[in-house]
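A.B. asks: Sharing a model prediction with you, sequence too.
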Amino acid sequence: MDNVVKQTELLEKTGVYDEDLKRRFALTLKYNGMKGKKVLVIGMNPASNSVQVFDNTTNYLLNNLGIMGYSEIVVWNLFADICTKLKPTQTGDNTENMEYLQELLNEKFNAVLIGWGNTFIGNRRVEEAKRHVCEYLKPHAKKVYELVDTDGEYIGLRTIHPLFAGQRFSGKWEFRNFVFPEEK
């Protein structure tokens with residue numbers, strides 16, 4: 001065949017789990033051989049204990065952040081417990097997960113994307129976890145962002161989850177500076 005272009009990208013996937021594979025502390029998706037930026041994405045909870053399984057959120061992250069120039073995506077979640085439907089009252093001790101975030105923040109990221117969504121607003125455990133994360137992120141405030149669409153249709157929403165963004169405005173992602181909540 002004439003006039004054919006062949007493209008190959010190798011995606012390296014690395015998960016960091018507890019011994020029982022019941023908690024995931026990080027998922028790293030890296031295009032080997034591709035130069036680009038590195039982003040830390042903060043979500044709510046992991047849905048799988050296998051690096052072979054991609055959920056819709058992971059697919060949207062790869063598709064949209066890739067075209068934004070990110071070749072390495074590290075996903076960390078407010079809660080490490082692996083489940084398809086999070087129940088904050090049933091989550092275990094989150095200390096180890098928060099310690100892992102502090103370790104991650106020692107790495108060099110071009111951006112930190114808060115994408116934990118808008119579920120569980122007002123839930124004591126979730127709000128406490130968010131407060132801790134915001135404290136850890138304050139020294140990095142200049143590179144902490146949230147998603148918004150290029151058309152401005154969802155401009156009023158905060159901390160949009162990548163799944164919502166992928167379903168509503170895939171291919172139209174941009175970052176907006178995250179506004180840290182004022183302390184009470």
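C.D. replies: Happy to help now that I have it. Numbers count the residues shown, from 1 in each chain.

A.B. asks: what about the lengthiest helix in the chain, distance to the chain center?
C.D. replies: Ranked by residue count, the top helix of the chain under DSSP state H comes out as helix 124-137. Here the centre of helix 124-137 is set off from its chain's centre by 15 Å, with Cα atoms, centre = their mean, to the nearest Å.

A.B. asks: hmm, who's touching the following helix or strand past it?
C.D. replies: Elements were assigned by DSSP states H and E; along the chain past helix 124-137, the next helix or strand is strand 144-149. Residues outside strand 144-149 that contact it (Cβ atoms under 8 Å, 6 or more residues apart in numbering) are 111-115, 137, 154-155, 157-160, 162, 165, 168-169, 172-178, 180. All C-beta spots, glycine's among them, are computed from the backbone N, C-alpha and C.

A.B. asks: Could you pick out the buried ones from those residues?
C.D. replies: 111-115, 137, 154, 157-160, 162, 165, 169, 172-173, 175, 178 (16 or more other Cβ atoms under 10 Å).

A.B. asks: Regarding the residue nearest the centre of the chain, which helix or strand does it belong to?
C.D. replies: The residue lying closest to the centre of the chain (Cα atoms, centre = their mean) is Val41, at 2.5 Å. For Val41, the enclosing helix or strand under DSSP H and E is strand 37-43.

A.B. asks: May I see the buried residues of that strand?
C.D. replies: Quick answer for strand 37-43 (16+ other Cβ under 10 Å): Lys38, Val39, Leu40, Val41, Ile42, Gly43.

A.B. asks: same question, stretch 98-112
C.D. replies: Buried, per 16+ other Cβ under 10 Å, within stretch 98-112: Met98, Tyr100, Leu101, Leu104, Leu105, Phe109, Ala111, Val112.

A.B. asks: Quick one: end-to-end length of it, please.
C.D. replies: 15 Å (Cα to Cα, to the nearest Å).

A.B. asks: Quick one: residues in contact with it.
C.D. replies: Residues from elsewhere that reach stretch 98-112 (Cβ under 8 Å, 6+ apart): 16, 25-26, 37-40, 42, 70, 74, 76, 80, 129, 132-133, 136-137, 140, 143-145, 175.

A.B. asks: Give the rounded mean pLDDT of it.
C.D. replies: For stretch 98-112, mean pLDDT rounds to 97.
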